[in-house]
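Chemist: any chance you could fold what I've pasted below:
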Amino acid sequence: MTTKIAFLGLGGMGTPMATRLLDAGHPLTVWNRTAARSQGLAARGAAVAATPGDAVRSADVVISMLADPGAVAEVAAAAAPRLRPGAHWIEMSTIGPDAVRDLAERLPKGVTLLDAPVLGSVDKAAAGELGILVGGDADGVEKVLGVLGTVTRCGPPGSAAALKLVVNTALIGGVVVVAEALALADRLGVPAATAERTLLDSALGGAARRALATEAAFPTALAAKDLRLATATAPLPVLAAVLDRLGAHPDLAAHDLARAADRIRAGG
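Modeler: Just a heads-up that it's a prediction; the model follows:
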């Protein structure tokens, strides 16, 4: 059986995720603030809605993949009155647990909310190999999520959003640390290839791979957003310093985090 899905947000991650759902045979309606982003999916057979409310009105499952808590709140305010009883809303953005609780308060009774942020970049999204952290009862939508990747149940609503924030802040911090370590290597005359290879083989290997990535697509602006969410939640002086480092390069806001690492390594 197919599930009618409304997909809200067709950014770098949303588009390949929505494409996989469409290719899996699910009737798909999409909405994006910039309508031009929906053209490729429309050509493949997706319906395009003019508003979030129009997108969700007959959906069994609503998936939101948006930039930040403000965008989620705005879209939810427009969509919530049109949701049908029994629908599932799967929030897959990285917005933190407070925003998930706010979303839950906006949804009408009879609508099930799950927070399901993802681990992985655009290549994993296109291949259906994302790691999907789920907070809440996923029994009714696990097959839909399985089209996108592997599900890990984290606990009650909000638990997955909290864990994703922990993971992202650790990764972002590690990327900046690796960039500064490579800057130190350059100053000390350590050959670049030697420093990179050794870091890749070290306990910081994951962060080093991310710092040296060439095909990932995690905009520096979104990395900074995640750090702001984290540092607003707890006193985190090291991560606050990392946020300052990223904020020093506003021209890289739309570029992948690895480009910010390149700039830091170069002494920026």
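Chemist: tell me which stretches of the chain form strands.
Modeler: 5-8, 28-31, 47-48, 61-64, 88-91, 112-115, 118-119, 130-135, 149-155 (DSSP state E).
Chemist: just the buried residues of the second one, please?
Modeler: For strand 28-31, a neighbour-count test (16 or more other C-beta atoms under 10 Å) marks 28-31 as buried. Bear in mind the C-beta positions are built from the backbone N, C-alpha and C, glycine included.
Chemist: tabulate these in a markdown table, adding columns for distance to residue 77 and pLDDT.
Modeler: Formatted as a markdown table, the buried residues of strand 28-31 follow (distance: C-beta to C-beta, whole Å; pLDDT from 0 to 100):
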| residue | distance to residue 77 | pLDDT |
| --- | --- | --- |
| 28 | 23 | 98 |
| 29 | 19 | 98 |
| 30 | 19 | 98 |
| 31 | 14 | 98 |
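Chemist: how about these, which pair is most distant?
Modeler: 28 and 31 (10.8 Å; C-beta to C-beta).
Chemist: now do the shared contacts for those two.
Modeler: Residues touching both residue 28 and residue 31 (C-beta atoms under 8 Å, 6 or more residues apart in numbering) are 6-7.
Chemist: what about residue 155, neighbour count?
Modeler: Other residues within reach of residue 155, judged by other C-beta atoms under 10 Å, total 13.
Chemist: could you show me where the helices are in the stretch 51-200 of the chain, in order?
Modeler: 52-56, 69-79, 96-106, 122-127, 142-146, 159-188, 192-200 (DSSP state H, counting those that start in this stretch).
Chemist: look at the residue lying closest to residue 119 once chain neighbours are set aside and say how many residues are nearby.
Modeler: Closest residue to residue 119 in three dimensions, ignoring its sequence neighbours and counting by C-beta to C-beta, 6 or more residues apart in numbering: residue 131, at 3.5 Å. Residue 131 has 16 neighbouring residues, counting by other C-beta under 10 Å.
Chemist: so residue 131 touches residue 118, yeah?
Modeler: Yes: between residue 131 and residue 118 a contact is recorded at 6.5 Å, counting by C-beta atoms under 8 Å.
Chemist: residues in contact with the closest residue to residue 168 other than its chain neighbours?
Modeler: Of all residues not flanking residue 168 in the chain, residue 226 sits nearest, at 4.6 Å (C-beta to C-beta, 6+ apart). By C-beta under 8 Å, 6+ apart, the contact list for residue 226 reads 94, 165, 168-169, 172.
Chemist: ditto for residue 188
Modeler: Contacts of residue 188 (C-beta under 8 Å, 6+ apart): none.
Chemist: show the pLDDT at it.
Modeler: Note on residue 188: pLDDT of 98.
Chemist: nearest to residue 15, out of the helices of the stretch 51-200 of the chain?
Modeler: So among the helices of the stretch 51-200 of the chain, helix 122-127 is nearest, using C-beta to C-beta, at 8.4 Å.
Chemist: return the distance of that closest one from the chain's centre.
Modeler: Centroid separation for helix 122-127 versus its chain: 12 Å, with C-alpha atoms, centre = their mean, to the nearest Å.
Chemist: which helices and strands does it pack with?
Modeler: helix 14-23 (3 or more C-beta pairs under 8 Å, 6 or more residues apart in numbering; DSSP states H and E).
Chemist: from the contact counts, what lies against the helix it packs on?
Modeler: Using 3+ C-beta pairs under 8 Å, 6+ apart: helix 14-23 touches strand 5-8, strand 28-31, helix 39-43, strand 61-64, helix 122-127.
Chemist: and the ones you listed, which is most packed in?
Modeler: Mean neighbours per residue, mean count of other C-beta atoms under 10 Å, is largest over these for strand 5-8, with a mean of 30.
Chemist: what about the stretch 51-200 of the chain, any weak spots by pLDDT?
Modeler: For the stretch 51-200 of the chain, no stretch has pLDDT under 70.
Chemist: gap between residue 107 and residue 219?
Modeler: Counting by C-beta to C-beta, to the nearest Å, the gap from residue 107 to residue 219 is 28 Å.
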